[in-house]
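1. build me a model from this:
(2 chains)
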Number of protein chains: 2
Amino acid sequence: MAPVVVGLDVGGTKVLGRVVDLGAPTVAVVEQRMATPVGPEALVGGIVGLVADLTERATALGSRSPVAVGVGIPGLVGRDGVVRLAPHLPGVTDLDVGGALSAALDLPVAVDNDANCAGLAEVRIGVATGLDDVAVVTLGTGIGAGFVVAGRLLRGARGFAGEAGHLQVERDGLPCPCGKRGCWERYASGSGLALLAREVARDGGAPGLCGLPGAPEAISGEAVVALARTGDPDALAVLDRFAWWVGVGLAGLIDLLDPEVVVIGGGVIEAGDLVLDPVRRHVAPLVLGRGHRPLPGIRAASLGSAAGAIGAALLAGESAL
Amino acid sequence: MAPVVVGLDVGGTKVLGRVVDLGAPTVAVVEQRMATPVGPEALVGGIVGLVADLTERATALGSRSPVAVGVGIPGLVGRDGVVRLAPHLPGVTDLDVGGALSAALDLPVAVDNDANCAGLAEVRIGVATGLDDVAVVTLGTGIGAGFVVAGRLLRGARGFAGEAGHLQVERDGLPCPCGKRGCWERYASGSGLALLAREVARDGGAPGLCGLPGAPEAISGEAVVALARTGDPDALAVLDRFAWWVGVGLAGLIDLLDPEVVVIGGGVIEAGDLVLDPVRRHVAPLVLGRGHRPLPGIRAASLGSAAGAIGAALLAGESAL
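-> Residues are numbered from 1 along each chain as shown, chains lettered A, B, ... in the order given. Next up, the predicted model:
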């Protein structure tokens, strides 16, 4: 019998927890959300409570008790389970999340970066199942990435590998909250798409974009995608520019890692080929050796918003047990 | 007894071949250079002849005959031994170097990118010996890179991994022979150092740089380094700018791969800490999570100009036998 585990995806605004039988990891035995508690002690305490609630509900339904916990955190997570830095979790710095949770829960706990968890999920049971070399890139508020190399998550010497959002793609470019300028995620994340659209709307002459809610300063990436779906030429032009920026970074990852498949997730990609087709078109000429090598397939992520929690559950099975 | 093998480093202008006892791989039993033959058939034929010469000389000295051959090629090399593209080897495109050599020599042959070979050498017997996660970056005419992840060369799905030179670091930047603009190697290679110095010399007002041989249009990177050694402030300023560009790309590699150590090779690095110190200073604030994580050490490569041939010999031992 496959073990029953808890997978938790900690986001900047909410935490999603799932009890999962690893024999059928896409199915939630029970699932529960909570607002992300603010501050390190509240966060650890909140997660302990959530695991207790999930366990109680699951066992009440006849499930076995979970034997391990996996946690995905949006930040730099060491191999030791210590969260070094998590910009979207105020106060969570150099916090031993793994140690604190395993002590409080008396269960083995595995902690990793949330994008690593999502990457693991796509490779184990998602759109890249069975592939050995895969890059999973999530275009959300920022850019998250998880790389699988020779069948294993690329963790690096200390566990910090897989941060793709802050590659410099433009000298003296847009300022980034990280303190640098010209980081890839300023252009190629969901937020980046919104910034590109606002720039066009600010210049006027793009009636569709100028008519969006909150234009120009509060245009959202989702609104641009929705407008592009109607065939609006300015929205399509913004999407094309965005796709070029996505392609710039993906080409770099392909040069470096030579994955068999690149999986792209995040809200913007819910638009499917409307976004993916221009990305594919722009990536091809940017990869080194174009024309002399097969290019990796570029696929939409398949596990949606539960990918992180599912991946955290898989991580618990692979790393904590 | 350790096997005797041949390691070959094919460069744009010369080929270095070594017969090596893998029990003492830094020692050449015999060593021989030849001008790089131009064209695919001449190249394969020339290598076959070089291996025959090396074998004859080695056995005349009492060595056992080599039982395998490793070849490092400056280009995109597939896992199948096919060289897809080698910009510095005219006409060498989609050429099955591994197949042609093993048929002609009747020996097992392993072929890989030259920077991968150098990386393997530094990790197996050089400055990064015994480390599992290492990035080796060679700053020469272009930028070569070899990554070791969890103790193994990162090859990627098809063998093309480890190309770091064409990451975009500036939008609409300097044109690159690859056809793109703003590639990292336009700024951070030995050639890039020369370009930065020429730009300053062209503007005048830098007497030391303007007095270099061939100034401004033919200043070499080596000449800038030599001038900086004398304390020339303009040369030091150019070196500092160069070090920033090196740091931009290294920070990206550190974000992505989290190596324990970064090894830097190439002619420019023969200047040692004069170059490495400003690189270390610039890298630190460019890495994500600075201040909350240990930074990888940045070390000079230790195997010098034979690193590629030594690495090719090691590759023969690890992959062809």
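2. who touches the closest residue to A:G23 other than its chain neighbours in this structure?
-> Leaving aside its chain neighbours, A:G23 sits nearest to A:A2 (3.5 Å; criterion: CB to CB, 6 or more residues apart in numbering or on different chains). Every C-beta, even on glycine, is put in place using the N, C-alpha and C of the backbone. By CB atoms under 8 Å, 6 or more residues apart in numbering or on different chains, the contact list for A:A2 reads A:D21, A:L22, A:G23, A:A24, A:G317.
3. once you drop chain neighbours, what's closest to the first one?
-> Put plainly, it is A:D21. A:V4 (5.2 Å).
4. ok, A:A42 to A:H88 distance?
-> 15 Å (CB to CB, to the nearest Å).
5. neighbour-wise, which of those two wins?
-> Higher neighbour count among A:A42 and A:H88: A:H88, with 17 against 12, using other CB atoms under 10 Å in any protein chain shown.
6. which stretch of helix or strand covers that one?
-> Assigned by DSSP states H and E, A:H88 belongs to no helix or strand.
7. which stretches of chain A form strands?
-> Here chain A has its strands, by DSSP state E, at A:4-10, A:14-21, A:28-35, A:69-73, A:76-77, A:82-85, A:93-96, A:109-113, A:134-139, A:143-149, A:152-153, A:261-265, A:297-300.
8. in a markdown table: the ones you listed, plus mean pLDDT, distance to A:H282 and mean neighbour count.
-> Listed next are these as a markdown table, based on pLDDT from 0 to 100; distance: least, CB to CB, whole Å; neighbours: other CB atoms under 10 Å in any protein chain shown:
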| stretch | mean pLDDT | distance to A:H282 | mean neighbour count |
| --- | --- | --- | --- |
| strand A:4-10 | 98 | 30 | 28 |
| strand A:14-21 | 97 | 33 | 23 |
| strand A:28-35 | 97 | 36 | 16 |
| strand A:69-73 | 97 | 30 | 31 |
| strand A:76-77 | 96 | 29 | 27 |
| strand A:82-85 | 96 | 31 | 22 |
| strand A:93-96 | 96 | 37 | 18 |
| strand A:109-113 | 97 | 27 | 28 |
| strand A:134-139 | 96 | 14 | 30 |
| strand A:143-149 | 96 | 16 | 28 |
| strand A:152-153 | 92 | 28 | 19 |
| strand A:261-265 | 97 | 13 | 25 |
| strand A:297-300 | 97 | 10 | 18 |
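9. can you put the ones you listed in a markdown table and add distance to B:V200?
-> Converted to a markdown table, those look like this (distance: least, CB to CB, whole Å):
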| stretch | distance to B:V200 |
| --- | --- |
| strand A:4-10 | 49 |
| strand A:14-21 | 53 |
| strand A:28-35 | 55 |
| strand A:69-73 | 45 |
| strand A:76-77 | 37 |
| strand A:82-85 | 37 |
| strand A:93-96 | 41 |
| strand A:109-113 | 42 |
| strand A:134-139 | 38 |
| strand A:143-149 | 35 |
| strand A:152-153 | 45 |
| strand A:261-265 | 40 |
| strand A:297-300 | 41 |
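10. wait, what's in contact with the residue in the stretch 101-250 of chain A that chain B sits nearest to?
-> Nearest to chain B, among the residues of the stretch 101-250 of chain A, is A:G156, at 2.4 Å (CB to the nearest CB). A:G156 makes contacts with A:G162, B:D133, B:V149, B:L257, B:D258, B:P259, as judged by CB under 8 Å, 6+ apart.
11. buried subset of these?
-> Among these, the ones that count as buried by 16 or more other CB atoms under 10 Å in any protein chain shown are A:G162, B:D133, B:V149, B:L257, B:D258, B:P259.
12. wait, the fourth one sits on B:V137?
-> No - B:L257 lies out of contact with B:V137 (CB atoms under 8 Å); the separation is 11.0 Å.
13. would you map the helices across the stretch 51-200 of chain A?
-> Secondary structure of the stretch 51-200 of chain A (DSSP state H, counting those that start in this stretch): helices at A:97-105, A:114-124, A:185-188, A:190-202.
14. return the most buried member of these.
-> Comparing these by mean neighbour count (mean count of other CB atoms under 10 Å in any protein chain shown), helix A:114-124 ranks first with a mean of 29.
15. distance check, the residue of chain A positioned farthest from its centre against B:Q168.
-> Within chain A, A:G205 marks the point farthest from the mean C-alpha position, 34.6 Å out by CA atoms, centre = their mean. A:G205 is 29 Å from B:Q168, where distance means CB to CB.
16. also A:G151?
-> Per CB to CB, A:G151 is found 29 Å from B:Q168.
17. and what of A:G49?
-> Distance, A:G49 to B:Q168, using CB to CB: 46 Å.
18. who's more crowded, the two?
-> Using other CB under 10 Å, the more surrounded residue of A:G49 and B:Q168 is B:Q168, with 25 against 13.
19. who's in contact with the closest residue to A:V246 other than its chain neighbours?
-> Leaving out its chain neighbours, the residue that sits closest to A:V246 by CB to CB, 6+ apart is A:A188, at 4.5 Å. By CB under 8 Å, 6+ apart, the residues touching A:A188 are A:L139, A:I143, A:F242, A:W245, A:V246, A:V248, A:G249.
20. what of A:G11?
-> When contacts are counted by CB under 8 Å, 6+ apart, A:G11 touches A:T36, A:P74, A:H88, A:D114, A:G308.
21. ok, A:D94 next?
-> By CB under 8 Å, 6+ apart, the contact set of A:D94 is A:V82, A:V83, A:R84, A:L85, B:H292.
22. got the residues you listed as CSV, with distance to A:G267 columns?
-> Formatted as CSV, the contacts of A:D94 follow (distance: CB to CB, whole Å):
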residue, distance to A:G267
A:V82, 29
A:V83, 24
A:R84, 27
A:L85, 24
B:H292, 28
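23. now, which of these sits nearest A:L54?
-> Distance to A:L54 across the contacts of A:D94 (CB to CB) is lowest for A:V83, with 21.1 Å.
24. distance check, the closest one against chain B.
-> Distance, A:V83 to chain B, using CB to the nearest CB, to the nearest Å: 9 Å.
25. try A:I254
-> The spacing between A:I254 and chain B, counted by CB to the nearest CB, is 8 Å.
26. over to A:P259?
-> The separation that A:P259 has from chain B, given CB to the nearest CB, amounts to 6 Å.
27. need the contact list for that residue.
-> Contact partners of A:P259, counting by CB under 8 Å, 6+ apart, are A:D133, A:V134, A:A135, A:F147, A:V148, A:L253, A:P296, B:G156, B:A157.
28. picking that back up, CSV for the helices of the stretch 51-200 of chain A, including mean pLDDT?
-> Listed next are the helices of the stretch 51-200 of chain A as CSV, based on pLDDT from 0 to 100:
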stretch, mean pLDDT
helix A:97-105, 97
helix A:114-124, 95
helix A:185-188, 97
helix A:190-202, 95
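29. just give the closest residue to A:A135, not the sequence neighbours.
-> Using CB to CB, 6+ apart and skipping the chain neighbours, the partner closest in space to A:A135 is A:P259 (4.4 Å).
30. A:L50 now?
-> In this structure, A:L50 finds its nearest non-sequential neighbour in A:G17, 4.9 Å apart by CB to CB, 6+ apart.
31. who does the one you found bridge with?
-> A:L8, A:Q32 (DSSP bridges).
32. where's it relative to A:V30, distance?
-> Counting by CB to CB, the gap from A:G17 to A:V30 is 9 Å.
33. need the overlap of contacts for those two.
-> Taking CB under 8 Å, 6+ apart as the contact rule, A:G17 and A:V30 both touch A:L54.
34. quick check, nearest of the buried ones among the contacts of A:G156 to A:V287?
-> For the buried ones among the contacts of A:G156, the nearest to A:V287 is B:L257 (18.9 Å; CB to CB).
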